[in-house]
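Visitor: Sequence and predicted model, in that order:
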Amino acid sequence: MKPTVLIVDDEKNIREGLRAALEDRYETFVAKDAAEAARLMQDVPPDAVLTDLRMAGEDGMAVIDRALKLPNQPVCIMMTAYGDVDTAVKAMSLGAYWFFQKPVDLRQVELVLERGLKARVAEKEVVTLKTRLDRKFALGEVIGSSAALQRSVEQVRSVAPSNATILLLGETGTGKELFAQMVHQASQRSKGPFMAVHCAAIPANLLESELFGHEKGAFTGANERRVGRFESADGGTLFLDEIGEIDATTQVKLLRFLETRSVERLGSHRPIPLDLRLVCATNRDLPQMVKDGKFREDLFYRLSVVPLCLPPLRERTDDIPLLLAHYFERFAKENGSAAPKLTPEALAHLVRYSWPGNIRELRNTCENLAVLRAGRTVGQADLDPRFTATATATVLAPAAGAAGNLDRTQNEKQLLKQALTAAAGNRTRAAELMGISRRTLHRKLLQWPELDPGPEPA
């Protein structure tokens, strides 16, 4: 569709001349005064407004003021007579995009309109992406309802508004970077940058320069000044992953930053004050490294002002059905295919599996199945052997006094309970998680009425 342009001028020749010049590329509307323009803006919200300043009744400033209060602000351009430039400049300070002195150059009007509309589209895309980012890393968007996960979420909610340094602890693949991003998005620094550095991925001899920057000539090959990650994160959050891998020299400089809130580039002795939030993460046993002399004790205590331990997936098995469904849908959408469905037996094996690689391993498994079994049913035989090889050893423990492992009926009952919990009592969603029909789920609830969650949530 053509962009819409509203032309407002009390001189008929001018507004009709502008309409004739623009109507090949734009859907044009004309108004003879501010009142008529107000009615048109309500009926057809414009993409751009081109208005005269001086008109009978309300002037062009009133037109621009109303336009900028629309939900989707249009590009506003003012036309003025000689001597009204100060007023036009004032209009730009209030949000107008441009102004022209009469008589206007039609070619210049077309160029400014085109440039302004392109800028408007770009701004909308940025806002859309920012909204998606905020939603993606919002605390309420965490996948899972297990008590272990919710404890971690509540801790983030409590500490995010502060400026305290946070140390995220947990096994590989438990989502430490995701939680660091959630801390950032829930903090007062969310408008600032989020910088992530994986310390183990950068050679030790380059890490100091990468973090703190360097001056030209600081060392061989330093041909120009480099701004480090600390400076780049000023006003926001810096996430240092695998902090247990940094060498002694970098540990000293990191400790100095925590004490002075400033850094010095390599080759310079001038401190650069910074205002940023530091979040660190490790899967190493830092207290043991301190005992072994491999990590500074004073740095450890400065980093762990607020330690948050993220639970491994084996401690939040109630979340596994929901995570599987989430990633199946995600990868199916990315590949333009239908999501696979798990049989109850296959789902039971995946729930019982210990997931040593945690969320990262589960996500990769889902991507594999979403590609290889797109739109089809995934049975026990379709799973990688690692999921079924230890089924007997990892089966859910029997009730006290019971003999042997749980049989299939007991496994299915436990699976149904987990699916209903993950789906927050929504029967349709629980049936999807189990790979069965809603009617089948209804029959199973009749068989085990103690699992019936009652009326579905609104």
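Guide: Noted; the coordinates are in hand.
Visitor: quick one, helices of the stretch 301-450 of the chain?
Guide: 320-335, 344-352, 358-372, 385-388, 391-394, 408-422, 427-434, 438-447 (DSSP state H, counting those that start in this stretch).
Visitor: cool, and the stretch 1-150 of the chain?
Guide: Under DSSP H, counting those that start in this stretch, the stretch 1-150 of the chain gives helices at 12-22, 34-43, 60-67, 85-93, 106-136, 147-159.
Visitor: Mind pulling up the pLDDT for residue 81?
Guide: We have a pLDDT of 75 for residue 81.
Visitor: How far off centre is stretch 95-108?
Guide: 39 Å (CA atoms, centre = their mean, to the nearest Å).
Visitor: no wait, stretch 17-32
Guide: 41 Å.
Visitor: ok, and what's touching that stretch?
Guide: The contact list for stretch 17-32, computed with CB atoms under 8 Å, 6 or more residues apart in numbering, reads 1-10, 12, 15-16, 37, 39-40, 44, 46, 48, 50, 104, 106, 109-110, 113. (Glycine included, C-beta is placed from N, CA and C.)
Visitor: Show me just the buried residues among those.
Guide: The neighbour count (16 or more other CB atoms under 10 Å) marks 3-9, 15, 37, 40, 46, 48, 50, 104, 109, 113 as buried among the contacts of stretch 17-32.
Visitor: before we move on, the earlier item: would you single out the least confident of the helices of the stretch 1-150 of the chain?
Guide: The lowest average pLDDT among these, as it happens, falls on helix 106-136, at a mean of 71.
Visitor: List the buried residues of stretch 242-262.
Guide: So stretch 242-262, judged by 16+ other CB under 10 Å, has buried residues 242, 243, 244, 245, 246, 250, 251, 253, 254, 255, 256, 257.
Visitor: Tell me, how many residues neighbour residue 329?
Guide: Neighbour count of residue 329, defined by other CB atoms under 10 Å: 15.
Visitor: For it, which residues are in contact?
Guide: Counting by CB under 8 Å, 6+ apart, residue 329 has contacts residue 339.
Visitor: Before we move on, what's the pLDDT of residue 399?
Guide: 35.
Visitor: Throw the helices of the stretch 1-150 of the chain into a markdown table and include distance to residue 297, thanks.
Guide: Formatted as a markdown table, these follow (distance: least, CB to CB, whole Å):
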| stretch | distance to residue 297 |
| --- | --- |
| helix 12-22 | 71 |
| helix 34-43 | 66 |
| helix 60-67 | 61 |
| helix 85-93 | 55 |
| helix 106-136 | 37 |
| helix 147-159 | 23 |
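Visitor: Deepest-packed of those, please.
Guide: helix 60-67 (a mean of 22; mean count of other CB atoms under 10 Å).
Visitor: Show me what that helix is in contact with.
Guide: Contacts of helix 60-67 (CB under 8 Å, 6+ apart): 6, 8, 34, 37-38, 41, 46, 49, 51-54, 73-74, 76, 78-79, 87, 90-91, 94-96.
Visitor: Same question for stretch 81-98.
Guide: By CB under 8 Å, 6+ apart, stretch 81-98 touches 53-54, 60-61, 64-65, 68, 73, 75-78, 80, 99, 101-102, 112, 116, 119.
Visitor: where does the closest residue to residue 312 other than its chain neighbours fall, helix, sheet strand or coil?
Guide: Nearest in space to residue 312, with sequence neighbours left out and distances taken as CB to CB, 6 or more residues apart in numbering, is residue 171 at 5.0 Å. State at residue 171, reduced to three classes by DSSP: H, G, I helix; E, B strand; the rest coil: coil.
Visitor: show me what contacts residue 171?
Guide: Contacts of residue 171 (CB under 8 Å, 6+ apart): 283, 312, 356, 358.
Visitor: Surely the second one touches residue 358?
Guide: Yes: with contact defined as CB atoms under 8 Å, residue 312 reaches residue 358; the gap is 5.6 Å.
Visitor: okay, and the common contacts of those two?
Guide: 171, 174.
Visitor: For the nearest residue to residue 213 once chain neighbours are set aside, give its distance to residue 206.
Guide: Closest residue in space to residue 213, ignoring its immediate chain neighbours: residue 228 at 3.2 Å, by CB to CB, 6+ apart. The gap separating residue 228 from residue 206 is 11 Å, by CB to CB, to the nearest Å.
Visitor: cool, residue 91 as well?
Guide: 51 Å.
Visitor: What part of the chain, helix or strand, is modelled with the least confidence?
Guide: Least confident helix or strand, the chain: helix 391-394 with a mean of 38, by mean pLDDT, DSSP states H and E.
Visitor: Please, where are all the strands along the stretch 201-350 of the chain?
Guide: 237-241, 262-263, 272-273, 277-282, 306-309, 341-342 (DSSP state E, counting those that start in this stretch).
Visitor: Turn those into CSV, columns for mean pLDDT.
Guide: Formatted as CSV, these follow (pLDDT from 0 to 100):
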stretch, mean pLDDT
strand 237-241, 95
strand 262-263, 94
strand 272-273, 94
strand 277-282, 95
strand 306-309, 91
strand 341-342, 91
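Visitor: Save these as a markdown table, and put in distance to residue 160 too.
Guide: Conversion of those to a markdown table gives the following (distance: least, CB to CB, whole Å):
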| stretch | distance to residue 160 |
| --- | --- |
| strand 237-241 | 10 |
| strand 262-263 | 24 |
| strand 272-273 | 23 |
| strand 277-282 | 9 |
| strand 306-309 | 10 |
| strand 341-342 | 35 |
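Visitor: circling back: please identify which of the helices of the stretch 301-450 of the chain is closest to residue 181.
Guide: Closest of those to residue 181 is helix 358-372, at 14.0 Å (criterion: CB to CB).
Visitor: What is the closest one packed up against?
Guide: helix 320-335 (3 or more CB pairs under 8 Å, 6 or more residues apart in numbering; DSSP states H and E).
Visitor: Between helix 344-352 and the helix it packs on, find me the angle.
Guide: Orientation of helix 320-335 against helix 344-352 (axes from the mean of the first three to the mean of the last three CA atoms, to 10 degrees) gives an angle of 110 degrees.
Visitor: Could you report the neighbour count for the residue nearest to residue 213?
Guide: Neighbours of residue 228 (other CB under 10 Å): 22.
Visitor: okay, it: pLDDT?
Guide: On the pLDDT scale, residue 228 gets 90.
Visitor: so who does it touch?
Guide: 209, 210, 211, 212, 213, 214, 263, 265.
Visitor: 6 Å instead, please
Guide: 211, 212, 213 (CB atoms under 6 Å, 6 or more residues apart in numbering).
Visitor: just those residues now: which is nearest residue 433?
Guide: residue 211 (43.5 Å).
Visitor: circling back to that earlier point, what distance do you get for the residue nearest to residue 213 to residue 281?
Guide: For residue 228 relative to residue 281 (CB to CB), the value is 19 Å.
Visitor: Same check on residue 217?
Guide: According to CB to CB, residue 217 stands 34 Å off from residue 281.
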